[in-house]
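Novice: Next comes the sequence, and after it the predicted model I'd like to discuss.
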Amino acid sequence: MRKNKMQMSLLDTYNDVCAMREENKPEFLSKLKEHIDIHALIPAEFTWAFYRRIGRPREYSLTSFMWFFILQKLFGIDNDLTLLAILKMSGELREFCGFDYVPDASKITRFRQDFVDYIEKVFENLVELTEPICREIDAKKADYLIYDTTGIEAHVAENNPKFLNAKLNCAKKISKKYPELNPHSLAYSMMPETAAANPFVNQQYINGHFCYAHKAGIIANGLGIIRGISFFDDDFKRRHPEVVSKRTDNPEVDKEIADSVSLRPVLSDFFEAHPTFSYKTFLGDSAFDSYANFNMLRDKFHFDRVAIPLSPRKSSSAHSDFDSNGTPVCPIDRTPFTFIGFSGGKNRSDRFKWACHKSKHKGSSRINTCDTPCTDSSYGRCVHTYPDKDFRFYPGIPRGTEHWDNLYRHRVLVERSIYLMKGPLGVASRKSISARTAKSDLLFAGITHLIGAVLAQAINKPHLFKSIRKLAA
């Protein structure tokens, strides 16, 4: 502020007003502008594509649009018109975005659809920027890679409950003539493959219910920070035709097949975009359980540990001396053996050591306390299993142990990250049929999420790295 003077000029008045506006600016917006260099995140090809000659100059800057969408996700606003109305009433927000006047809603929509590929590059730049931040926060958890799929329901007629009820009523009438038919299975088979309004909105079974949705794969680390977003649109399917699975009459099986076959192309795209990244532990749900996936994760992507539960539909009981987790069991009472440790060396294969549950510690050794021992050894029966022989059963960490349970509980973090993007950041409540619009919304949610991690580190509040909403509170 200027010092008091006997006479005040018009310039002094103007400077005072500007200083007061700057001092009264919301603290969070000031921190965003101070610590987030939006220009550095935008690749040169994005800038060139946006400002290339279109017959007239651009009315609004590229950074203005980027800040608009970041604010939209930050506030959880699911309607463009709502935020545009707020901008008309708030000069501070207009100034923050860099808008001299508020754009039309049509320009917002066209930006999403025209530049979705470049928006993805901004997201990838933020992934690169936040990787060392994650390693600094917790190097161990940052070395976990967790993958899951999700769906974004589209605003189409097929998602109206009345649509399915009409098919079900028709199926029930048919089943009265043919009692052997299951009306629910018949109704499912009568549903169209895709939505009439958009052939790229596919029929899916997501989060326990039947719907028509855009599907995407989400990768997070053990801190719950998003590492990758793969949108299963037509471009993705053209690059990876193997992800297109054959339909069955069971929606659960359809979901499982789609998840399992998506693993390889999603991870391939992720490591191609970030060739310097390396992770040693992979976590996923039982939908990814297959010998092919376990071997692929070890041999192609070089994971040392893979925490994927065995699916009951794929488990084999051919070996009577092991339970469904691959743990050796007592041949008499079927009690699982106790995991002793991991061993191996230069001239010996890596192996897990298991001891009889009635073999107890005595000093530095063990002693068998069983009344009906199945071995003459005073140590008790001991079994070794070899991960290299069957990586699915012994994926670098023994199943059914406390160590396994403590590691696998981190898998829920990817679901929390998905909820954060779909719930608080407003992706799920968007009303859109366009795949490009849905993809842009998902990418901007990821961008906003990662900006929160960068900002938390910059203002020395790393405990708030998971949510930018907490930083703004």
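Specialist: Nice, I can see it.
Novice: Output the lowest mean pLDDT helix or strand found in the protein.
Specialist: Scoring the helices and strands of the chain by mean pLDDT, DSSP states H and E places helix 10-23 at the bottom, with a mean of 51.
Novice: With adjacent residues omitted, what lies nearest to the residue nearest the centre of the chain?
Specialist: Centre of the chain computed as the mean C-alpha position; nearest residue by Cα atoms, centre = their mean is residue 218, 2.6 Å away. Once flanking residues are discounted, residue 218 sits nearest to residue 418: 5.4 Å by Cβ to Cβ, 6 or more residues apart in numbering. All C-beta atoms are positioned from the backbone trio N, CA, C, and that covers glycine.
Novice: mind checking pLDDT for the one you found?
Specialist: pLDDT recorded at residue 418 is 93.
Novice: mind starting the numbering at 9 from now?
Specialist: Sure, I'll start counting at 9 from here, so that last one is residue 426.
Novice: quick one: it from residue 333, how far?
Specialist: Look at residue 426 and residue 333: by Cβ to Cβ, to the nearest Å, they are 27 Å apart.
Novice: Now do the contacts for the residue nearest to residue 226.
Specialist: Applying Cβ atoms under 8 Å, 6 or more residues apart in numbering, we find residue 426 in contact with 156, 158, 226.
Novice: for those, which one is nearest residue 391?
Specialist: For the contacts of residue 426, the minimum distance to residue 391 (Cβ to Cβ) is 33.9 Å, reached by residue 156.
Novice: Which of the contacts of residue 426 fall in strands?
Specialist: Counting by DSSP state E, these place 156, 158, 226 in strands.
Novice: My guess is the second one contacts residue 222. True?
Specialist: No - Residue 158 sits out of contact with residue 222 when judged by Cβ atoms under 8 Å, with a separation of 9.6 Å.
Novice: ok, the two, which is more surrounded?
Specialist: residue 222 (27 against 22; other Cβ atoms under 10 Å).
Novice: does the more buried one sit in a helix or strand, and which one?
Specialist: Taking DSSP states H and E as the definition, residue 222 sits inside strand 217-229.
Novice: now that strand: how far from the chain's centre is it?
Specialist: Distance of strand 217-229 from the chain centroid (Cα atoms, centre = their mean, to the nearest Å) equals 9 Å.
Novice: Quick one: name whatever helix or strand follows that strand.
Specialist: Elements were assigned by DSSP H and E; along the chain past strand 217-229, the next helix or strand is strand 234-239.
Novice: who touches that following strand?
Specialist: So strand 234-239 is in contact with 128, 131, 135, 139, 153, 222, 224-229, 244, 270, 273-274, 277-278, 281, 425, 429, 443, 446-447, 450-451, 454, 457-458, going by Cβ under 8 Å, 6+ apart.
Novice: So residue 455: helix, strand or coil?
Specialist: helix (DSSP: H, G, I helix; E, B strand; the rest coil).
Novice: hang on, I meant residue 75
Specialist: Under three-state DSSP, residue 75 falls in the helix class.
Novice: Return the set of buried residues in the strand holding residue 222.
Specialist: 218, 219, 220, 221, 222, 223, 224, 225, 226, 227, 228, 229 (16 or more other Cβ atoms under 10 Å).
Novice: The fifth one and residue 453, how far apart?
Specialist: Looking back up the chat, that one is residue 222. 13 Å.
Novice: what's the answer for the first one, then?
Specialist: Noted for residue 218: a distance of 24 Å to residue 453, by Cβ to Cβ.
Novice: residues near residue 439, how many?
Specialist: By other Cβ under 10 Å, the residues close to residue 439 number 9.
Novice: quick one, strands of the stretch 59-208 of the chain?
Specialist: 152-161 (DSSP state E, counting those that start in this stretch).
Novice: where does the stretch 159-308 of the chain dip in pLDDT?
Specialist: 252-266 (pLDDT under 70).
Novice: Mind doing that once more with 50?
Specialist: Across the stretch 159-308 of the chain, the ranges flagged by pLDDT under 50 are 260-265.
Novice: Tell me the one of the contacts of residue 426 nearest residue 204?
Specialist: For the contacts of residue 426, the nearest to residue 204 is residue 158 (23.5 Å; Cβ to Cβ).
Novice: bridging residues for that closest one?
Specialist: residue 224 (DSSP bridges).
Novice: ok, it - contacts?
Specialist: Counting by Cβ under 8 Å, 6+ apart, residue 158 makes contact with 214, 215, 223, 224, 226, 426, 430.
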